[in-house]
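[1] Just need the structure, nothing else, for what follows:
(one chain, ligands or ions: 2)
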Amino acid sequence: MEPQHQTKAIMEQEADGPPPLIRLEAVTKIFATDEVETHALERVDLDIRPGEYLSVSGPSGCGKSTLLSLIGLLDSPSSGHYWLKSRPVETLNFNERARIRNREVGFIFQSFNLIGDLTIQENVELPLTYRGMLASERKRHVLESLEKVGMTHRTKHYPSQLSGGEQQRVAVARALAGDPAILLADEPTGNLDSKNGDAVMQLLDDLHHQGATICIVTHDPRFAAHAERVVNLLDGRIVNDNGAHGKSGAGAEKGEESDGQID
Ligand code: ADP
Ligand code: MG
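    Ligands and ions are numbered 1, 2, ... in the order given. Next up, the predicted model:
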């Protein structure tokens, strides 16, 4: 059950459109080691609506990967609130978190993270095997998502037999196979040459046009411009957001500055 005070803000939001898929409110993440405390994120407010394509940019160490990990339920905030599909994430137990991560989130990493001794087909299938899905149904999902990325001719290959660009396409297929609510991509072109990087970005564009909700982290302004919404982070804070929703959206007052950066 959702505590009433936590759903109130979402209900109010519904008055002017569909509820956000993702809502972060004053989210702070502090990494504490023996010597230092690092404030990786500082009171971040962020709404992501279904179907949005958003890029997160900013210098190395500004908190981009931390933000993606929190959205993807790989880590938890030190303080603040997070709702995923109107559900307060802090109320989930360990198993519920794992289940929701598996179903709602598709991750794409800079280093592809395919498993070397599994075939392409097995790699894409792996997240589905945790769901108790029938083998025939798994196969259909796997082939459909490999088809979306143009890799059905490589199902029996191993990752090492593919180019970097092809491996990343397979990683995109793996992220898609479970039909997630959101695709999260952390520097997906970082290990690719510009031609393969362009191809992966084109693929994300296509997926977006088919309705996918995408949040991509990139430090390349050329790639950030693919997204219709650009969020800039600096020292763990959102300093600019050209698509902030509502009057309280962070950086909404800085819209002119953001237009200048995208063009
Ligand atoms: P970005 O992806 O923008 O380069 P990160 O989100 O990886 O930045 O990191 C933000 C800050 O948090 C950095 O100062 C980084 O050193 C620190 N940090 C990230 N993860 C950890 C961790 N697990 N333990 C300690 N500090 C961390
Ligand atoms: Mg990073």
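
[2] Please make it C-alpha for all contacts and neighbour counts, starting now.
    Noted.

[3] Would you agree Gly72 is in contact with Leu184?
    Yes: using Cα atoms under 8 Å, Gly72 is in contact with Leu184, at 7.3 Å.

[4] neighbour count winner among those two?
    Leu184 (26 against 22; other Cα atoms under 10 Å).

[5] wait, isn't that one in contact with Leu68?
    Yes: here Leu184 reaches Leu68: they are 6.8 Å apart, a contact under Cα under 8 Å.

[6] Common neighbours of these two, please.
    By Cα atoms under 8 Å, 6 or more residues apart in numbering, Leu184 and Leu68 have no common neighbours.

[7] Name the residues contacting each of Gly72 and Leu184.
    Common neighbours of Gly72 and Leu184 (Cα under 8 Å, 6+ apart) are 105, 107.

[8] neighbours around the closest residue in space to Pro77 that isn't next to it in sequence, how many?
    Leaving aside its chain neighbours, Pro77 sits nearest to Lys29 (5.1 Å; criterion: Cα to Cα, 6 or more residues apart in numbering). When neighbours are defined as other Cα under 10 Å, Lys29 has 24 of them.

[9] any idea how far Lys29 lies from ligand 1?
    8 Å (Cα to the nearest ligand atom, to the nearest Å).

[10] That residue sits in which helix or strand?
    strand 22-32 (DSSP states H and E).

[11] Output the contacting helices and strands for that strand.
    Counting contacts by 3 or more Cα pairs under 8 Å, 6 or more residues apart in numbering; DSSP states H and E, strand 22-32 is packed against strand 37-48, strand 79-84.
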